[in-house]
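In: Next one to model:
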Amino acid sequence: SQLLWTLALIFGSLIAGYTAKAVVARRKPERLESIPGVAVKLQRFAITYIAPVVLVSTFWSISWGGGTLALLPAFGALSHIVGGAAALGIARWMRLDRKQAGAMFTCGAFSNLLSFGGLATFMFYGEKGYALAMLFRMFETGLYYAVGFPVAKAFSVQAGPEARLRIDPRGFVRDPLIIRPIVAMVAGGLLNWSGLARPAALGALTPTLVKCSTTLMLLSVGLTLRAKAALRYR
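Out: This next block holds a predicted model:
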């Protein structure tokens, strides 16, 4: 039953977003250009407003045990680095062109742990599973801004053959998409350490917030999904 509910929420949200885009394309095609902006707003709302509340709640209530859990963020960061490097190696071995190599890199270096993985760990393992998944991806967004996005941009057709990596530390340090989730995890951990009991209402609200966050993230994916494009690479 947990598996069915998880799959239903994931695919239901994707289909809802894709259907909404199809309706707009048929009835009001002049508004199609605004859809990517709507998708970004949904993602930012989920990450900067809903996710921090969930993170404070889950990190507040978890019994952490040994200190080896401190290695999880390092393993998470390593997974992105190894995945991205392997993807670049495969792209070179397959002799992909510039645009395809960049796409291969993003497939290897990026993940859907926040939306798909976060929901799955919560549905199957509860708050502790969700907290561990978020601890694993603690450095994920920072790596995206510091390494992932600049590398992907360097591979873009518009960048030119002599494109160089340009990393602006201020850009990702100040971004609420990165700072708010990290601050929420730290705040939840401090509240846990303080010994204060988490309010029962917050604990009861957490499952709903996790599902709402995932729904908004996947709705945004559905809004920008191009199903026919994927058929070219079956």
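In: and after the helix or strand bottoming out on mean pLDDT in the chain, which helix or strand comes next?
Out: When the helices and strands of the chain are compared on mean pLDDT, DSSP states H and E, helix 169-173 comes out lowest with a mean of 62. Once helix 169-173 ends, the next helix or strand along the chain (criterion: DSSP states H and E) is helix 176-194.
In: So which elements touch the following helix or strand past that following helix?
Out: Toward the C-terminal end, the helix or strand that comes next after helix 176-194 (DSSP H and E) is helix 200-224. Where contact means 3 or more C-beta pairs under 8 Å, 6 or more residues apart in numbering; DSSP states H and E, helix 200-224 is packed against helix 2-27, helix 35-45, helix 51-61, helix 118-136. Backbone N, C-alpha and C define where each C-beta goes, glycine included.
In: any idea which of the ones you listed is most buried?
Out: Ranked by mean neighbour count, the helices and strands packed on helix 200-224 are led by helix 51-61 with a mean of 23 (mean count of other C-beta atoms under 10 Å).
In: gap between the helix or strand following that one and the chain center?
Out: Counting by DSSP H and E, the element after helix 51-61 in chain order, helix or strand, is helix 72-93. Between the centre of helix 72-93 and the centre of its chain there are 16 Å (C-alpha atoms, centre = their mean, to the nearest Å).
In: Now helix 72-93: buried residues?
Out: Residues 72-73, 76-77, 79-80, 83-84, 87-88, 91 are the ones in helix 72-93 that count as buried (16 or more other C-beta atoms under 10 Å).
In: you'd agree residue 57 is up against residue 202?
Out: Yes. Using C-beta atoms under 8 Å, residue 57 makes contact with residue 202 at a distance of 5.1 Å.
In: Identify the residue nearest residue 92 in space, chain neighbours excluded?
Out: Of all residues not flanking residue 92 in the chain, residue 101 sits nearest, at 7.4 Å (C-beta to C-beta, 6 or more residues apart in numbering).
In: Residue 134 too?
Out: residue 55 is the one closest to residue 134 (C-beta to C-beta, 6+ apart), at 6.0 Å.
In: any idea how far residue 118 is from that neighbour?
Out: Using C-beta to C-beta, to the nearest Å, residue 55 is found at 10 Å from residue 118.
In: That's all I had, so thanks and see you.
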